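Asker: whatever this is, show me its structure:
(one chain, ligands or ions: 1)
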Amino acid sequence: MSPMPGVPVIAIDGPSASGKGTVASRVAAELGFHLLDSGALYRLTAVAALRAGVGFDDENALAPVAAGLDVRFAGGETWLAGENVSEAMRSELASVGASKVAVHGAVRAALLERQRAFREAPGLVADGRDMGSVVFPDAALKVFLTASVDIRAERRYKQLIEKGLSANLESLSQDLRERDERDRSRAHAPLVQLPDAILLDTSSMSADAAVRFVLDAWAQRKSK
Ligand code: DC
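Answerer: Numbering: from 1, shown residues only. Presented below is the predicted three-dimensional model:
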């Protein structure tokens, strides 16, 4: 069980680049809730492993890297052992690395309590792959947020181009398919749509509409 069972959690799980991060942060801001971007912890583990020369398949060496992450989140920026890694952690290398380090049970176990510590009053919006299944199984609202792989690849492509970075739609799409496959087929905490989660397919939906959908679902849940 989570340490603060009385504090409500909204769990938003789904595949990479589905828009869960955007929706989760806007819902949290609307409700005045805390926010947990759990993917950031797996990305940071991948970045820390690269810095330490630890391979993404070396579970025994990765677990202490994950347990010992020296992270600071401040003003929208992320610092790892005193280094601003806000950009590095969003790179394709860190994205693929995160999905690779996340298959290891010992890495997931090392990050569990760190994630649960985000559960503070008045509430938490948590996004990831296993928020509703493993980290906060007693979440008051569970949403499975997805979109077709083509739409997700296009959104990611636009984001990169807007940032002035180079991008290739074909390889982004291929990357997403591989990450989806790894996230869904792993033995530990695979990405699944839970029977008690509400499905939200944003393929033909704006971010505004997706945020409204979650806020409405939350209002309904609370009025019961
Ligand atoms: O949400 P994201 O794209 O930042 O996540 C990056 C990777 O981290 C994702 O491919 C799988 C892993 N992850 C996970 O296994 N469990 C989570 N709760 C969040 C992310």
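
Asker: can you give me the neighbour number for residue 163?
Answerer: Using other C-beta atoms under 10 Å, residue 163 has 10 other residues around it. (C-beta placed from N, C-alpha, C; glycine too.)

Asker: how close does it get to residue 127?
Answerer: 21 Å (C-beta to C-beta, to the nearest Å).

Asker: at which residues are the strands of this protein located?
Answerer: With strands called from DSSP state E, the chain shows them at 9-13, 34-37, 71-74, 77-80, 83-84, 124-128, 141-146, 198-201.

Asker: which stretch in the ones you listed is the model least sure about?
Answerer: Note on these: lowest mean pLDDT is at strand 71-74, with a mean of 91.

Asker: packing partners of it?
Answerer: For strand 71-74, the elements it packs on are strand 77-80, judged by 3 or more C-beta pairs under 8 Å, 6 or more residues apart in numbering; DSSP states H and E.

Asker: touching the ligand at all, the strand it packs on?
Answerer: No. Counting by C-beta under 6 Å from any ligand atom, the ligand is not contacted by strand 77-80; separation bottoms out at 11.8 Å.

Asker: so which bits of that strand are buried?
Answerer: 78, 80 (16 or more other C-beta atoms under 10 Å).

Asker: and if you look at stretch 129-139?
Answerer: Result for stretch 129-139 [16+ other C-beta under 10 Å]: buried residues 129-133, 135-137, 139.

Asker: neighbouring contacts of it?
Answerer: 1-2, 5, 8-14, 36, 38-39, 102, 108, 112, 115-116, 119, 124, 126, 128, 142, 183, 189-192, 194, 196-197 (C-beta atoms under 8 Å, 6 or more residues apart in numbering).

Asker: re earlier: wait, which of the buried residues of stretch 129-139 is closest to residue 85?
Answerer: Top of the list for closeness to residue 85, among these and by C-beta to C-beta, is residue 129 at 21.2 Å.

Asker: how many other residues sit next to the closest residue to the closest one other than its chain neighbours?
Answerer: Using C-beta to C-beta, 6 or more residues apart in numbering and skipping residues adjacent in sequence, the residue nearest residue 129 is residue 191, 4.3 Å away. Using other C-beta under 10 Å, residue 191 has 22 other residues around it.
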